[in-house]
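J.: from the sequence below, what's the structure:
(chains A, B, C and D)
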There are 4 protein chains.
Amino acid sequence: MARQPNPIRSDIAWSTRDRITVRGRDLPNQILGHMNLGDFAFLQLTGREATPRQSAVFNAIIITLVEHGLTPSAIAARLTYAGAPESMQAAVAAGLCGLGSVFVGSMEDAARLLSEALPLGQDHSKADLQAIAREQVAAYRQAKKILPGMGHPIHKPVDPRAPRLFEIAAENGVAGPYVRLIQEIAAEAERVHGRALPVNATGAIGAICCELGFPWKIVRGFGVMARAIGLVGHILEESENPIAREIWLRVDDEASAHLRPA
Amino acid sequence: MARQPNPIRSDIAWSTRDRITVRGRDLPNQILGHMNLGDFAFLQLTGREATPRQSAVFNAIIITLVEHGLTPSAIAARLTYAGAPESMQAAVAAGLCGLGSVFVGSMEDAARLLSEALPLGQDHSKADLQAIAREQVAAYRQAKKILPGMGHPIHKPVDPRAPRLFEIAAENGVAGPYVRLIQEIAAEAERVHGRALPVNATGAIGAICCELGFPWKIVRGFGVMARAIGLVGHILEESENPIAREIWLRVDDEASAHLRPA
Amino acid sequence: MARQPNPIRSDIAWSTRDRITVRGRDLPNQILGHMNLGDFAFLQLTGREATPRQSAVFNAIIITLVEHGLTPSAIAARLTYAGAPESMQAAVAAGLCGLGSVFVGSMEDAARLLSEALPLGQDHSKADLQAIAREQVAAYRQAKKILPGMGHPIHKPVDPRAPRLFEIAAENGVAGPYVRLIQEIAAEAERVHGRALPVNATGAIGAICCELGFPWKIVRGFGVMARAIGLVGHILEESENPIAREIWLRVDDEASAHLRPA
Amino acid sequence: MARQPNPIRSDIAWSTRDRITVRGRDLPNQILGHMNLGDFAFLQLTGREATPRQSAVFNAIIITLVEHGLTPSAIAARLTYAGAPESMQAAVAAGLCGLGSVFVGSMEDAARLLSEALPLGQDHSKADLQAIAREQVAAYRQAKKILPGMGHPIHKPVDPRAPRLFEIAAENGVAGPYVRLIQEIAAEAERVHGRALPVNATGAIGAICCELGFPWKIVRGFGVMARAIGLVGHILEESENPIAREIWLRVDDEASAHLRPA
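T.: Residues are numbered from 1 along each chain as shown, chains lettered A, B, ... in the order given. Now for the predicted structure:
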C-alpha cells in the first residue's frame, strides 16, 4: 500500500518571471530602499514589519551578538579558511557549528526559563514576579543547575551591555514583565548566593526576546545569524593579515613535544 | 633549531572588565541604539562608518541576498534541522556550505571582472568603457566562458532587482564607472549574441560592490551573511510547519523504486 | 595579573623529518600494509590494536552505519554539492551536520542507558538483568520517554541487522551482559506494551559498543565517521547522475504554489 | 506551461521490511562479518568488490589520510566541540570544511595531471613517459604553477609514506604507468630545478588512485572520509583532555593586546 503524500508548503517567498515577493511584500519596490537589514530580518522571521520601537530594540539585540573577538568560533573559521580559501562559505559554516550549548545556550535558556514562567501572549500584569523569582532560584539550586543569563567570567562587576540593552528596551516601551522578572531573579540569586550576580548580555537578550514575542526556540538563531556577519569580518581580516597558520604551528609543536624524540 | 614565532594580531575588537570595543567604538554606548544592523555590518567589515548614502546602498544589497525561496541551501538546512533540531546552528551551517561557485559565484565573478578591468581606488573617468566591454565580451567568447551577471533562467526579460538596485545606487551617488561598465558589457553581449542579456541581480551587486570599494574576494561573504538570516527564517518555519520529512520520504521512495523487488 | 597558561598536549600522533607516528606505531612501516581501515580506526580511537575478534565486531558495527539510502543527510549533501561542486568536503560536512538526536541519538541513548545501568569496566556477572530491565522499562514509562534501540518504522517484524550483529558478537566472544540486558529490556517492553518491540540495529550497536568498552559519548562518533564514507559515495553518484537540481525544482515549485498568482 | 519532471534515481541502496541491500549485496548476510571497513568503502564507492590486491592498496591509501596531528582541521574541530559538545557531528563537520585546495588539493591535482596525461581506461604501455614528464614540467614552469605531489615542508629529504605506498602498490601489482609517470616527473623536476623534489604522499596517492581507476574528482573524497575518522579520535581526546579553551584564551589575549588600554 502506497504512502499518502503530504503537501510541501512554505509561506516565506515566491517569484515569477517578473516578480519577487518576500512575506507578501514586493522585494524590489516595497523592500529595497525602504528597510534596513535588521528590519528586513524581523520581517523575514516574523512575517510582520517592525514598528520603529521594535526596530530599535531588535537591531540593538542582533548587533550585540555579531562580534566578540577571537572566540573559538572565529578561530575555527580562520583555520578553516586557511585550508580552503576558495570556500569562504564553508569557513563561516565551520565557525557557526560551535554556537551550541556553551556559547549561545545561556541566551536560549534564559528565554526558555522566562517564557515557561510567563507564557508568551498572556497578560502577566498581576503576576507576583518576586514569588516566581524565589521559586525559580530555589528550583535551580535544588537541581544544582546554573541560572542562565547571570554573572560573567570577564565583565565584572557588570556586563556593560546588559544595562544598555535594558535602557534601549525601556526607551522603546519594550521593558515589561520579562525584563522585570529576570532582574528579580538576579536579585534573589544575589541574596541567596551572597555574591553579585547581575544580569548579563545573554540574560538581557533572552528577556527582551520574550518581550518581543519570540519563542525561545528561535533565540539561538539570532546569535547564529549575527555571528555569520562577524565571521565574514574575521575572514576578510584573515585574508589580509593571516594568523591561522601561526596558531596551527604553535599548537601542533607544543602538543606533541612530549612525544617526539629529543 | 626552533621556529621563530610570528605575532598573532587582530584589529577588530577588544574587551576588558568594563569595556567592549568593536572597530574602535564603544559597543554599548556608541553603537547600540545608534546603528542599524546593516550599518554595523559595514563597520565590522571595513572599520569605517557608512555614510547615509553608503548605508542606503549597502543595506539594499545585503537585503537582496537574504531570501530566494526554497533553494538547495534552504532545503539542505531544513533536512539537517530534521535530524538535529537541538543544533540549529549546524542546520544554518549546512545551508551555507552550498553557497559556492554555482550560486554566489556569478556575483563574485562579476566583481572580479570589473575590478580587474578597472582597478579599485583609481580614477577611471577617462576609461573607454565601450572598448573595454568589447574586449571583455570577445575574450569570454574566445575562452568559451559565460559572462557573469547577465541573463536569468527565471526572471525574463529582466531581473526586476537589477534596475531597482541601479536606481538606489544612482539616487545615492554610487553609480559610477563600474555600473556603467557592466551595462556596456551587457549591451555588447546582447549585440554579439543576438539575444536579450540584461544585467541581473548578481551583476548589479557585483558592480555596486566595486563602487563601494569592496575587494571582489569579500563579495561572496555578503551572500553568506545575508543567507544566514534567511536560513534562520526557514528553520523557524520548519519548526512550525515541517516539510523535510516529506521531502525525504518522497525522494528515498522514488530513487530506489527501480531496485526494489516488485 | 596575567593568566597562568595551561599546557596544550595531545597523545595521538607526532612526526619529525623522517618519521610519522600514530598512537606509538610507525605509520609507514608498522601500520601501512599491516592493518585494514577498521582496525586503524580502532587504534586511532583507543590507542590499542584490536584483537582479531574485536576487529571482526568493530568492522561490522561501523559498516552497518555507512549507508542507509537517500536519508535527509544524503540529500542535504547532494544539494550542497550542487551549489559548490568545487568543495566536496563542505558537501560531506553538510550531510554530517544532521546526524543528531533524531538519527544517531538512539544508538547513543541505548549505550548510555546500558552503561549507566552496568558501569563499564566492572564485573556484572551477578547482576540481576531481569530486575534491571523491569526497572528501566518502568522508569521510561513513568517519564513518558521512548526506550532507545527498540522497534523500527520500516523493518518489521525484525530489523535484520540486529540478529546478525548479535550473531557476529557471539561468534567473537563479545556478547556479554550488555547484549543480554538490552534483550531483557526488549522482552520486558514487549510484555508491558503488548506488542513486538525487538532490539533494532541502533540498540544492538549501543550494546556491543558497551561490550567493547567504549564510553557512550563516543558512540555517536562511529555513526559520523561511517556516514562520511557513505556520503562520499553519494556525492560521487551525484557527480555522475545528478538528482539535486530536480529535487530543488520540484520542492520550490510545490511549496509556493499556493502563494503565486494564478 | 508546466515543467516536465525528470526522474530521481540512485543505484546505491534499497530496503524493504525485511531486507537491506547495498550495491546489490544483502547487508546483514553478505557484507557484515565478511568485509572490513576499507573493502566496504571500496564497494560503496565503486559498486565492485575489491580484489585482495586492490583491498591491500586501497586500505593503505585511506589509512595514510586519517591522522596528521594537530592540523588546522583538528584544531577547528576541537574548538567547535568546546562550544557545542552536544553536537559532535557538527565538530567533525567543521573540521572537514577546511579540507580544500591547500591541504587535499595537491592529491587531487596530482591525480588530475596524471589522468589528463594518460586517460583512464586506455592502454598506455607504449607511452613515452619521459617525454610526457618533460612536457608537464615545462608547462608548469611556464605557467609559474607548482607541480603537485612533490617535495614536503617537513619531511626531508623524503616523505617516508611515499616509498612505502609505492612498495605496497608494487607488491600488489598496482604500480603501472601512473606510478612511473609521477616518478619521471619528479626526476625531471629535480633535474630542471636543481634540487631534491621527491614524490610525496599526496603524489603517491594521486598516482595509485589512477592505477585503481578512480576519477580525479573523487580523490579528494578519500581524504574527507579518512579525516572524519581521525577527527572523531581528536574529539574523543578533547572530551577527556581538553585543549581548545587554552588555545582560545591564548589567541584572544595575544591578538588584541595592542588594542587594549595599558
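J.: go ahead and measure how far the strand or helix carrying residue A:162 is from the middle of the chain.
T.: Using DSSP states H and E, residue A:162 falls within helix A:161-171. How far helix A:161-171 lies from its chain's middle: 16 Å, per Cα atoms, centre = their mean, to the nearest Å.
J.: now do stretch A:173-189
T.: Relative to its parent chain, stretch A:173-189 has a centroid offset of 19 Å by Cα atoms, centre = their mean.
J.: buried ones in that stretch?
T.: A:174-189 (16 or more other Cβ atoms under 10 Å in any protein chain shown). (Each C-beta comes from the backbone N, C-alpha and C, glycine too.)
J.: quick one: which of those residues sit in helices?
T.: Counting by DSSP state H, these place A:177-189 in helices.
J.: what's in contact with the helix holding residue A:162?
T.: Helix A:161-171 has contacts (Cβ atoms under 8 Å, 6 or more residues apart in numbering or on different chains) with A:56-57, A:60-61, A:64, A:175, A:179, A:198-201, A:203-205, A:208, A:211, B:20, B:27-29, B:32-33.
J.: would you turn the ones in helices among the buried residues of stretch A:173-189 into CSV with distance to residue D:148 and pLDDT?
T.: As requested, those are exported to CSV (distance: Cβ to Cβ, whole Å; pLDDT from 0 to 100):
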residue, distance to residue D:148, pLDDT
A:177, 64, 97
A:178, 58, 98
A:179, 59, 98
A:180, 64, 98
A:181, 62, 98
A:182, 57, 98
A:183, 61, 97
A:184, 64, 97
A:185, 60, 97
A:186, 59, 97
A:187, 64, 97
A:188, 64, 97
A:189, 60, 96
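J.: quick check, nearest of those residues to residue C:152?
T.: Closest approach to residue C:152 among those (Cβ to Cβ): residue A:178, at 43.3 Å.
J.: how about the strands in the stretch 1-150 of chain A?
T.: Assigned by DSSP state E, counting those that start in this stretch, the stretch 1-150 of chain A shows strands spanning A:13-15, A:20-22, A:25-26.
J.: just say which of the ones you listed is most tucked in.
T.: Mean neighbour count (mean count of other Cβ atoms under 10 Å in any protein chain shown) peaks for strand A:20-22 among these, with a mean of 24.
J.: adjacent strands (with direction) for that strand?
T.: Under the criterion DSSP bridges, strand A:20-22 sits next to strand A:13-15 (antiparallel), strand A:25-26 (antiparallel) in its sheet.
J.: and the contacts of it?
T.: Applying Cβ under 8 Å, 6+ apart, the contact partners of strand A:20-22 are A:12-15, A:26-28, A:31, A:43-44, B:66-67, B:155, B:160-161, C:259.
J.: try it again at 7 Å.
T.: Outside strand A:20-22, the residues that touch it by Cβ atoms under 7 Å, 6 or more residues apart in numbering or on different chains are A:12-15, A:27-28, A:31, A:44, B:67, B:160-161.
J.: one step back: got JSON lines for the strands of the stretch 1-150 of chain A, with mean pLDDT too?
T.: Output for these, formatted as JSON lines (pLDDT from 0 to 100):
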{"stretch": "strand A:13-15", "mean pLDDT": "96"}
{"stretch": "strand A:20-22", "mean pLDDT": "97"}
{"stretch": "strand A:25-26", "mean pLDDT": "97"}
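J.: now tabulate those strands in a markdown table and tack on distance to residue A:142.
T.: Below are the strands of the stretch 1-150 of chain A laid out as a markdown table (distance: least, Cβ to Cβ, whole Å):
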| stretch | distance to residue A:142 |
| --- | --- |
| strand A:13-15 | 47 |
| strand A:20-22 | 47 |
| strand A:25-26 | 49 |
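J.: do you know which of those strands lies nearest residue C:74?
T.: strand A:13-15 (26.3 Å).
J.: returning to what we had before: got CSV for the strands paired with strand A:20-22, with distance to residue B:102 too?
T.: Formatted as CSV, the strands paired with strand A:20-22 follow (distance: least, Cβ to Cβ, whole Å):
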stretch, distance to residue B:102
strand A:13-15, 18
strand A:25-26, 27
